[in-house]
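Engineer: I'll drop the sequence and a predicted model, then ask my questions.
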Amino acid sequence: MLGYLIQSIQGSVASVIVLSLFFVAVHKQDDEALARFFRLGLWLGGGAAVVLALLKYLTVWIVTERWDMPLLAVSAAVGVVFLLTLWLRGRGSSQRKPVALLRCLSCLVLTMTLVVYFLRGVLLAPTGFTPPGMDILTVDVLFKLVGWLAGLAVVAIAAISLIKVSSKLEQRTQLVVFTLGLLINMVIQISTVAQYLVARGVVRLSSWLFQILVFTINYRDFFTYAILLVCLVLTVFLWIRNRRVVPDPALNPAQKRKVRALARSVKRWSVLLLFACVAVTLSLTVVRAYDERGIELSPVEDAQYVNGQVVIPLTQVEDGHLHRFAYYTEAGTEVRFIVIRKNETVYGVGLDACQICGETGYYERENEVVCRRCDVVMNKQTIGFTGGCNPIPIDFVVGNGQLTVEIAELESYEDIFGRGGGTHAAN
């Protein structure tokens, strides 16, 4: 249950906060055309998310990474265009019809991409409650459903509170807050796209790019915390500003009561937003640590290290279960990888880490491979491919009754496990 609480919050909170700030920013522009395009984006994005989720669940047509990468790339690019046209609004050329149309169209596309990306994941989450073909009417599924809904409820409370609070800001101040939130979210989007392009060999992995990707993978949650920090600063600012409101003496008694009531309303919504942000932060830190406390990874198995290669006899990994291996670098970092036989001739090999959850590791539960951090069940057939919470794939060779992995390949991922990866392995 706690795993799905964490998963639903982690997968939606950043996008929902940005969309909430987006909603207020658009409606503070006093531009009905812009507001209509935003609403149209919500409807079209919601409809597209439902269609994609159904196609993903019912067919094999949808490969997540092939849809997500163009989606995120377009969202980041359009986000830049929208911010530029929004900040230039009110200045000479920005009022011309082509610029106004560009602002509306970029608003439409940005809204659609943000909605599709997070809502499709939310809709697909229940499909992972139980493996295909298993009974869904169980207590275990009920607990997972409760955790998933509780996470969404916390995010919804944060969104509603944020809309209520940020709508009381002056237009320029609110625009600054929205810009910060969108830019932080764009860093996550660009990083994800870059990881995909590097994995596909489209972009050459230079040393500086590798360092950036490792940082964004290992500290992905900190970008979410940065967005939450923006909300917290906003909450404190409005609380202080409305702590003691003295109405204009020239106002009549009814108007003074209205001013005081408005200040009380802002303070109440600020407190609710504060509690929601604290709940999200605790879920991603304390609750996650508690949920992971009892999951022990299987021991690292023996392997041979010959001529710059890790050599594993196929007889050691032919049972179809998860097998964990490791190589210790000169710096003493334990770089772990897993091997699983998918069918008679195909093996899935990847790091004991993923692009989303970092080096937390995988374990086997009821013949299913599960992420230790977010409790997502892996499709064994996709292990060895990029995308989602799959293990980061690595190159390997099968032949002469052996499976071999180049040590240089493992050393190139040392930084991913550099924050104490070895502490997760059993002795």
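Structural biologist: Happy to help now that I have it.
Engineer: Tell me how far the residue lying closest to L238 once chain neighbours are set aside lies from L21.
Structural biologist: Using Cβ to Cβ, 6 or more residues apart in numbering and skipping the chain neighbours, the partner closest in space to L238 is S270 (5.1 Å). The C-beta positions use only the backbone N, C-alpha and C, and glycine is treated the same way. Distance, S270 to L21, using Cβ to Cβ, to the nearest Å: 15 Å.
Engineer: Past the lowest-mean-pLDDT helix or strand in the chain, which element shows up next along the chain?
Structural biologist: Ranked by mean pLDDT, DSSP states H and E, the weakest helix or strand in the chain is helix 288-292, scoring a mean of 73. Downstream of helix 288-292, the first helix or strand assigned by DSSP states H and E is strand 304-306.
Engineer: got the contact list for that following strand?
Structural biologist: For strand 304-306, contacts defined as Cβ atoms under 8 Å, 6 or more residues apart in numbering pick out V310, V311, I312, Y327, I407.
Engineer: and the residues you listed, which two are the farthest apart?
Structural biologist: Taking Cβ to Cβ as the measure, the contacts of strand 304-306 span a maximum distance of 12.9 Å, between I312 and I407.
Engineer: quick one, which of these two is more surrounded?
Structural biologist: Shown here are I312 and I407; by other Cβ atoms under 10 Å, I312 has more neighbours (24 against 17).
Engineer: and the residue of the chain positioned farthest from its centre, how far is that from R268?
Structural biologist: Farthest-out residue of the chain from its mean C-alpha position, per Cα atoms, centre = their mean: A250, at 51.0 Å. Separation of A250 from R268 (Cβ to Cβ): 27 Å.
Engineer: again with F325
Structural biologist: For F325, the distance to R268 - Cβ to Cβ - is 55 Å.
Engineer: likewise N185?
Structural biologist: 28 Å.
Engineer: Who has more neighbours out of the two?
Structural biologist: Using other Cβ under 10 Å, the more surrounded residue of N185 and R268 is N185, with 24 against 14.
Engineer: check which helix or strand covers that one.
Structural biologist: Using DSSP H and E, N185 falls in helix 171-199.
Engineer: and the next element down the chain from that helix?
Structural biologist: Using DSSP H and E, the first helix or strand after helix 171-199 is helix 207-218.
Engineer: Quick one: list the elements packing against that next one.
Structural biologist: helix 171-199 (3 or more Cβ pairs under 8 Å, 6 or more residues apart in numbering; DSSP states H and E).
Engineer: centre of the chain versus the helix it packs on, how much separation?
Structural biologist: 12 Å (Cα atoms, centre = their mean, to the nearest Å).
Engineer: circling back to that earlier point, just want the angle from the helix holding N185 to helix 207-218.
Structural biologist: 110 degrees (axes from the mean of the first three to the mean of the last three Cα atoms, to 10 degrees).
Engineer: Would you mark the buried spots in helix 171-199?
Structural biologist: Residues of helix 171-199 classed as buried: 174-175, 177-186, 188-199 (neighbour count, 16 or more other Cβ atoms under 10 Å).
Engineer: Then stretch 261-270?
Structural biologist: A263, V266, K267, W269, S270.
Engineer: Look up how far V154 lies from I392.
Structural biologist: 30 Å.
Engineer: which residues of the chain fall in helices?
Structural biologist: Per DSSP state H, the chain carries helices over the ranges 2-27, 32-58, 64-87, 97-124, 139-166, 171-199, 207-218, 220-241, 253-282, 288-292, 407-411.
Engineer: Highest mean neighbour count out of those helices?
Structural biologist: helix 2-27 (a mean of 23; mean count of other Cβ atoms under 10 Å).
Engineer: what helices or strands is that helix leaning on?
Structural biologist: Contacts defined by 3+ Cβ pairs under 8 Å, 6+ apart place helix 2-27 against helix 32-58, helix 97-124, helix 139-166, helix 171-199, helix 220-241, helix 288-292.
Engineer: Out of those helices, flag the one nearest R341.
Structural biologist: helix 171-199 (22.9 Å).
Engineer: Domain-wise, how is the protein divided?
Structural biologist: As given by automatic domain parsing, the domain ranges for the chain are 2-292, 304-424.
Engineer: Go through the ones you listed and name the closest to S298.
Structural biologist: domain 304-424 (5.5 Å).
Engineer: Surely I6 is in contact with S283?
Structural biologist: Yes: using Cβ atoms under 8 Å, I6 makes contact with S283 at a distance of 5.7 Å.
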